[in-house]
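*Asks:* model this:
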Amino acid sequence: MVGCLLGLLGLGLAGLVAAQDQPADSLLVAQSVQPESGLLGDVEFTVEVTLTGVAGLCPGVVASRPSDIVLVLDRSSSMNADTDSGVSKLALLQDATLAFLDQVNLASDRVAVVQFNDAADIVQGLTNDRAALETAIAGLFPGGSTAIDSGVLQGMRELELNGSDAATPVLIVFTDGLQDISLFGNPPVERAREARDAGIRVITIGLGEPGEIDPEMLREMASGPGDAYVIDNPADLTQVYTTIAQSVVNQPAPATDVILQHQFNATAFELVAGSVRPATAVVNGNIISLPVAHWW
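*Replies:* Purely as a prediction, here's the structure:
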C-alpha cells in the first residue's frame, strides 16, 4: 500500500502554470507528505506543496489587500475561571480582542464577532464600526459547553454571505477547552478544512494545558504551522492577538487562479473515481489538474 502512495508522489508535479509574462522555470516546487508511511484507507496523508520564486525571474512584489476577519470566541463556562491576576479568562480575552482592534486598519479591514458555547451565533456581523465591535465584545458572558465546530461554521457563513471579493477572508478561532458537544456531528478539523477549501485563512488559539485543550487538533485546523498558537498563560493572550493582527494586516495578497498538474504512476496506483478533492479537480489519464482558488 505504501508503494502505491509513493507511486502517486514519485513523479511529482508534471507542470505548473507560471504567472503571466514569467518563464515556466521561474518557480521552484518542493513537496512532502505526512505521515511518510501507512496504509491507504487507514491513514489520511497530507501533501504539502511549497512554491518559491527564483530570484531575478520571479520579482518579489507584495500587493496588500483589505481583510474580512471573524473573531470566533469561546464563551463556555470554563472561561469564568479566575486567573493569577484576579480577573476571569473571559475578561483577559476581551482585553486581548480590543487590543486586536487597535492593530487592524478599520478604514479598510472589517471585523465580525462570533460567540460559541453549546451552540454559536453571530454577535456582530462584518463591520468597520469600532463602537459596535466593542459593544459585541463587552457583551460576552460565560456559560455552557464547548462546540468549536459550531463556531467555525457560523464564522464561515458570515464570510460566505457578507464577505467582500476584494478582501482576504480570515477566521481566528479561540478556545480554552475540548469539543464536548456538537449540533452537527462534524469534528472541528473537518469544519476548518471546509473553510480552508473555500479560501479562508484559519488561525487557531488554544489556552490551556494538553488535556484541557487539544493542541494537535488546533494545529490540524490551522492553515499552516505559523497559524496555530497554543499557550497556557492567559496573560499572553494580548501578545498573541497583537501578533496575529500584525500578520493579517501585513499579509500579502494570495496568488489566485493557480493550477497544479500532478502526474502519477498509473501502473502502481489506481485512482478511485470521485476520490480527488476538491470536486473541481480534473482527471485526464494519469494527470490530475488541481485549481487552487487562493495560494497562501
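*Asks:* any chance of the backbone angles for the closest residue to residue 288 other than its chain neighbours?
*Replies:* Distances taken as Cβ to Cβ, 6 or more residues apart in numbering put residue 262 closest to residue 288, at 4.6 Å, once the chain neighbours are dropped. Placement of C-beta: from N, CA and C, glycine included. Backbone torsions for residue 262, taken as degrees, to the nearest 10, come to phi -110, psi 120.
*Asks:* tally of neighbours for residue 262?
*Replies:* Residues near residue 262, counting by other Cβ atoms under 10 Å, number 23.
*Asks:* list the beta-bridge partners for it.
*Replies:* Per DSSP bridges, the residues bridged to residue 262 are residue 13, residue 288.
*Asks:* how far away is it from residue 189?
*Replies:* Between residue 262 and residue 189 the distance is 24 Å, computed by Cβ to Cβ, to the nearest Å.
*Asks:* what is the end-to-end distance of stretch 125-141?
*Replies:* 18 Å (Cα to Cα, to the nearest Å).
*Asks:* quick one, helices of the stretch 101-250 of the chain?
*Replies:* Under the criterion DSSP state H, counting those that start in this stretch, the stretch 101-250 of the chain contains helices at 130-138, 148-162, 188-197, 215-221, 237-249.
*Asks:* nearest to residue 270, out of those helices?
*Replies:* Closest to residue 270 of those, according to Cβ to Cβ: helix 188-197, at 24.6 Å.
*Asks:* show me what that closest one is packed against.
*Replies:* Contact analysis of helix 188-197 by 3 or more Cβ pairs under 8 Å, 6 or more residues apart in numbering; DSSP states H and E lists helix 148-162, strand 168-175, strand 201-207, helix 215-221 as its packing neighbours.
*Asks:* can you put these in CSV and add distance to residue 101, mean pLDDT and mean neighbour count?
*Replies:* Converted to CSV, the helices and strands packed on helix 188-197 look like this (distance: least, Cβ to Cβ, whole Å; pLDDT from 0 to 100; neighbours: other Cβ atoms under 10 Å):
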stretch, distance to residue 101, mean pLDDT, mean neighbour count
helix 148-162, 17, 96, 22
strand 168-175, 12, 97, 26
strand 201-207, 16, 97, 25
helix 215-221, 23, 95, 20
